[in-house]
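> Dropping a prediction and its sequence here:
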Amino acid sequence: MKDKLNARNLVSALLVAGLLLLPLYSQASGNVFVLTLFTRIVILALAAASLNLIMGYGGMMSFGHAAYLGIGGYAVGILAQEGFGSGFLQFPVALAASAIYALVIGALSLRTRGVYFIMITLAFAQMAYYVASGLARYGGDDGLTVYKRSDFGGLINLSNRTQFYYLCLACLLGVVFLIWRIVNSRFGMVVQGLRSNEQRMQAIGFPAKRYKLMCFVISGTLCGLAGALLANNTDFVSPAVMYWTRSGDLMVMVILGGMGVLFGPVVGAVAYLLLEELLSQVTEYWALIMGPLLLLVVLFARGGIMGLLGRLNRG
Amino acid sequence: MLLVVEQFLNGLQFGLLLFLLAAGLTLVFGIMDLVNLAHGSLYMMGAYFAATFVAWTSNFLLGAMLALGATLLLGIVLEFTTLRHLYGRDHLDHVLATFGLILFFNEAVRLIWGPAGLALPLPAWLTVPVAILPGIYYPAYRLAIIVVALAVALLLYLGVMRTRVGMLIRAGASNREMIGALGINIKLLYTLVFGLGAALAGLAGLMQAPILTVQIGMGENILILAFVIIVIGGIGSIRGAFLAAIFVGIIDTMGRAFLPNLLRQMLSSAAASTAAPALSSMLIYLVMAIVLVVRPEGLFPANRR
Amino acid sequence: MADPLLRVENLVRRFGGIVATDHVSLDVAQGELHAIIGPNGAGKTTLISQLTGHLTPDSGSIYLGGRDISHLAAYRRSALGLARSFQITSLLLDFTVADNVALAAQAHAGHSFSFWRNARKESGLRMAAQAALERVGLAHRAGVLVSRLSHGEQRELELAVALATKPQLLLLDEPMAGLGVTESARMVKLLQELRKEVTIVLVEHDMNAVFALADRISVLVYGRVIASDVPSAIRQNEDVKRAYLGDQHVVTAHG
């Protein structure tokens, strides 16, 4: 870590610069689509970054992270439908609801580990999916249209494409910064120690579960933020955002980018979603290529893109 | 009363199908330590194969047999080409790689059979209602599913408990190094076990096909139910999977059938009709949560005999 | 004699049909170095694991400084001053040497629900880590990843990690396991220094080391304590000789 000028940091810096300048390009070229696409990418990168906190640093393989996208989204959608349009209310509620869900699910799931943990987080997310499908008042299976984006008074206008993009990007960079601080704090050291060797950590005096649960809740809360943004982006929220393949997508982004690397999930989200976009322009059956590609990444590119870059640097 | 018996049998039938799926999953996990999300895809392939072969041969039984063979073969090919490279790897690698396989299978099905679902019509002799008790009739086909699945469960039990291969499987589930020490051809054993698991999934899929539409993604929801069963029953335990599967099947079916009425008696009808669908689909997950609180290792873990 | 620092009463632990710990009673006085020896499979590690809270006993009690700790979780016992080293080295392999020890210091320096300040820049933790590393002679390796250490260095680090928790009682599970002759000699010298400051329970196969270090020795055979006495008496004990000869182990030179 002494060497600041390595391939990883270079790629991260270039990526951030590119994301910051994107609206200028969009404006100059008149390409509105690219801004819409990248707004979605930035939001999902935020979700992936939150997942990286528990998966990459905490060693907790959650397969139910999409549930928070839905919970955050429904908080915005339901409040909007009930006439509470203020973002100052919607966003805190979205975060709080995600935190509470994470607290309950985490307390249950963390009674087990390994594959069990993967299955249980998956099952509970599926439960959230069914619950949302059963919310007849809020659209049930068909989902809920958000007619008016969150209202932040004169502070920022979410209906303005560029302003909304910058809000999402600010949230992403803020969350990545927060995770960076957390990872290097006392708490972060404990969480990473638990990933490495839980028995040892208990022997030197750390109550393992408490720290893991706290980490799980922080991660879920941050992902709830992504959910609230996503509902604003699509002006719509439906059970489909919590479907388990979405959780799988988030995992793929984290692993593709590089687990336990700060900017890994951001790189992963950009790579995965751009690839999806490109492939779907080439063929309608893009998943036919994407599926085996994932298999190849698992078999031959351990550590993801950031892992490859790290090796590049060592020569 | 009539309805209760019927729904109970429906639940039993669903639970047995779930068992076929969960048994394969838990065998593969217990022996190869492999988490296979694509297990649900094999279930789906079983259904598609059956729909296709029955249409080709115009014979339900022949088509079903062909479909079973095809799923077995597919499982073996899958193990041979990809999954065996994942043994000994991190569980996360399994999840990611088999997630990729699901994407592939779903898309391949869409390419071959198109996005619309298929129907698998039953032959006339399987559609007649059968009197199971005086005055109580039950569809012959559903009854057939129960009989076939019970027979398979019994065979599986005898196979695992009484035969040499079964002994190896049990040894493998409790002590992976031991099989190696016995000088068994592990590669062959693994391929066989995976093929068996695939065939079980395929069987579940093709038997379910006439009841539901054959469609893309049909294996995914049921795969998650199989996970719930494994969590409740205890990993690597066939007996646990069997009991938990029947339990889940019955709870889920009966819950969906009777919970709305039950709620309507306790709550206002408006509140009941809002809460009922959500609550009945939550039911088995709540059961899972309770099991986790009481017995985190599952109700019948494999290493405790 | 004053109250012992550690008192074990009638501890029993079964695995299936095997009684791994069979009504074990044991007293360890403040300041003593108490060795536990016994043939392979005598249940030494099982006993240690119950003392540290990684295994729960089926019955019996454990007291630390007069307080019943039989049902406390491992981390609570650590907070009360019980530290262990593992028989098979159990460190955070992807952490640096200094981080391993600093984490142990952190566990006993206030809470760790601190999310913002850089823990690697907390001078208190770093100094505590440095001090523990100097004690075991590993200070010059502070910045190295643990996975890069030699086996001997990892054993020393185990000790430094245990020391950094400022223990009253140190449970060492075969600290010499797998060490060469010179490394063993260094470890014995190190333990001779440490015993002046902290009470030690030492489980060890290396009989030379045990007889050189111990104030008292307890002999465990098939989960039962067959003798507990000063080294010279243990050497003469007929039951002990028989037990060891029966398992074709010899009480004298070993390794």
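Done, it's in.
> can we go C-alpha only for contacts and neighbour counts from here?
Fine.
> What sits closest to the residue in the stretch 51-200 of chain C that chain A sits nearest to if chain neighbours are left out?
Chain A sits closest to C:Tyr75 of the stretch 51-200 of chain C, with a gap of 3.9 Å, by CA to the nearest CA. In space, and not counting its chain neighbours, C:Tyr75 is closest to A:Gly205: 3.9 Å by CA to CA, 6 or more residues apart in numbering or on different chains.
> next one: phi and psi at that neighbour?
A:Gly205 has phi and psi values of phi 110, psi 20 when expressed as degrees, to the nearest 10.
> same question, C:Gly137
Dihedral angles for C:Gly137 - degrees, to the nearest 10 - are phi 80, psi 30.
> what's the answer for A:Ala13, then?
Per degrees, to the nearest 10, the backbone of A:Ala13 is at phi -60, psi -40.
> Count the residues that sit near it.
If you count neighbours by other CA atoms under 10 Å in any protein chain shown, A:Ala13 ends up with 13.
> before we move on, what about B:Ala124?
Number of residues near B:Ala124 (other CA under 10 Å) recorded here: 7.
> Tell me how far it lies from A:Tyr272.
Taking CA to CA, to the nearest Å as the measure, B:Ala124 falls 50 Å from A:Tyr272.
> just B:Leu2 next, same as before
Separation of B:Leu2 from A:Tyr272 (CA to CA) stands at 53 Å.
> mind listing what C:Ile200 touches?
By CA atoms under 8 Å, 6 or more residues apart in numbering or on different chains, the contact set of C:Ile200 is C:31-34, C:169-172.
> hmm, back to that, counting by contacts, list what the helix or strand encompassing the residue of the stretch 51-200 of chain C closest to chain A packs against.
Secondary structure from DSSP states H and E places C:Tyr75 in helix C:74-79. Here helix C:74-79 touches helix A:198-203, helix C:44-52, going by 3 or more CA pairs under 8 Å, 6 or more residues apart in numbering or on different chains; DSSP states H and E.
> Just want the phi and psi numbers for whichever residue of the stretch 1-150 of chain C sits closest to chain B.
Here the residue of the stretch 1-150 of chain C nearest chain B is C:Gly16; by CA to the nearest CA that distance is 9.4 Å. Phi and psi for C:Gly16, reported as degrees, to the nearest 10, are phi 60, psi -120.
> next one: the one 5 residues further on
Here the main-chain torsion angles of C:Thr21 (degrees, to the nearest 10) amount to phi -130, psi 120.
> what number of residues lie near it?
With neighbours defined by other CA under 10 Å, the count for C:Thr21 comes to 28.
> How about B:Gln265?
Neighbours of B:Gln265 under the rule other CA under 10 Å: 11.
> Show me what the helix or strand that contains B:Leu155 is packed up against.
Taking DSSP H and E as the definition, one finds B:Leu155 inside helix B:140-162. Helix B:140-162 makes packing contacts with helix B:2-32, helix B:164-174 when contacts are defined by 3+ CA pairs under 8 Å, 6+ apart.
> who wins for proximity to B:Leu96 among these?
Closest to B:Leu96 of the helices and strands packed on helix B:140-162 is helix B:2-32 (CA to CA; 15.6 Å).
> which parts of the helix or strand hosting A:Ser219 are buried?
Element membership of A:Ser219 [criterion: DSSP H and E] is helix A:208-234. Buried residues in helix A:208-234, counted by 16 or more other CA atoms under 10 Å in any protein chain shown: A:208-209, A:211-233.
> filter these down to the ones close to chain C.
A:Tyr211 (CA under 8 Å from any CA of the partner chain).
> Burial check on the nearest residue to C:Ala107 once chain neighbours are set aside, number of neighbours?
If the residues on either side of it in the chain are set aside, C:Ala107 comes closest to A:Gly205, at 5.6 Å by CA to CA, 6+ apart. With neighbours defined by other CA under 10 Å, the count for A:Gly205 comes to 26.
> check contacts around B:Phe14.
Counted by CA under 8 Å, 6+ apart, B:Phe14 has contacts B:246, B:249-250, B:253.
> Flag every buried residue along stretch A:106-116.
Buried positions in stretch A:106-116, judged by neighbour count with 16+ other CA under 10 Å: A:106-110, A:112-113, A:115-116.
> CA atoms of stretch A:253-273 as CSV?
Once non-C-alpha atoms are left out, stretch A:253-273 reads as follows in CSV (Å, rounded to 0.1, in the frame of the first residue of the first chain):
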residue,chain,number,x,y,z
MET,A,253,-20.4,-6.9,-9.7
VAL,A,254,-18.5,-7.1,-6.4
ILE,A,255,-16.6,-10.2,-7.5
LEU,A,256,-16.0,-9.1,-11.0
GLY,A,257,-14.5,-5.8,-9.8
GLY,A,258,-12.5,-7.3,-6.9
MET,A,259,-13.8,-8.3,-3.4
GLY,A,260,-12.4,-6.4,-0.5
VAL,A,261,-10.9,-3.6,-2.8
LEU,A,262,-12.4,-0.2,-2.1
PHE,A,263,-13.2,0.7,-5.8
GLY,A,264,-13.6,-2.9,-6.9
PRO,A,265,-17.4,-2.8,-6.9
VAL,A,266,-17.5,0.5,-8.8
VAL,A,267,-15.2,-1.0,-11.4
GLY,A,268,-17.2,-4.2,-11.4
ALA,A,269,-20.6,-2.4,-11.8
VAL,A,270,-19.4,-0.3,-14.7
ALA,A,271,-17.8,-3.3,-16.4
TYR,A,272,-20.8,-5.7,-15.8
LEU,A,273,-23.5,-3.2,-16.8
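> near chain C, which residues of the stretch 151-300 of chain A?
A:181-190, A:193, A:196-197, A:200, A:202-207, A:211.
> what do you get if the cut-off is 7 Å, keeping everything else the same?
Residues of the stretch 151-300 of chain A lying close to chain C by CA under 7 Å from any CA of the partner chain are A:181-182, A:184-187, A:193, A:196-197, A:200, A:202-207.
> Would you check how far apart the residue of the stretch 151-300 of chain A found nearest chain C and C:Phe115 are?
Nearest residue of the stretch 151-300 of chain A to chain C, counting by CA to the nearest CA: A:Gly205, 3.9 Å away. From A:Gly205 over to C:Phe115 the distance is 19 Å, taken as CA to CA.
> Dead centre of the chain: give me the residue that sits there.
Picking chain A for this. When CA atoms, centre = their mean is applied to chain A, the residue found nearest the centroid is A:Ala47 (1.0 Å).
> you looked at the wrong chain, it should be chain C
C:Leu172 (1.7 Å).
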